[in-house]
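[1] Sequence plus the predicted model coming up.
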Amino acid sequence: MSDKYPFLSDAWFDAAEQLIREHEAPAPPTPLVMNLEVADGDQTIQFFMGSKNGETLFGRGAAESADLTLSTDIDTARQVFVAGDQQAGMQAFMAGKVRVQGDMTKLMMQGSGGGNQALSEALQGITE
């Protein structure tokens, strides 16, 4: 059994980056780089994810070449990015809990491919 870390903590990012390398999936057909701003109490955690030129991108901070920025709360982020619950993401968007700035067209073109199930399960396994 692997260790568990608080979601979006430094240790979680380190473990998640390793899992993403281990579970490398083919890049989606439409390149998309997203900056994420996740509100957790009085702090905002920034990270980026996506793919460009066939390469998977993930890390702390903001990517200068991002197509869009998603802003949400930590509970919604956990449901979407760890649990892989795209339905919860859509409900949060409709309720105004997710804000999008930038090229919404690219986000819509991603569709609902279901993601990488093995990676989702691995991320759940390291997240408190």
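    Cool, got the structure.

[2] buried stuff in stretch 56-67?
    Across stretch 56-67, burial judged by 16 or more other CB atoms under 10 Å covers 56-58, 63, 66-67. Where you see a C-beta, it was placed from the backbone N, CA and C, and this is true even at glycine.

[3] Any buried residues in the lowest-mean-pLDDT helix or strand in the chain, and which?
    Ranking every helix and strand in the chain by mean pLDDT, DSSP states H and E puts helix 104-109 at the bottom, with a mean of 80. Neighbour counts over helix 104-109 (16+ other CB under 10 Å) mark 106-107 as buried.

[4] Residues in contact with that helix: which ones?
    Helix 104-109 has contacts (CB atoms under 8 Å, 6 or more residues apart in numbering) with 30-32, 34, 67-68, 100.

[5] what about 7 Å?
    30, 32, 67-68, 100 (CB atoms under 7 Å, 6 or more residues apart in numbering).

[6] So among these, which ones count as buried?
    Applying 16+ other CB under 10 Å to these, the neighbour count classes 32, 67-68 as buried.
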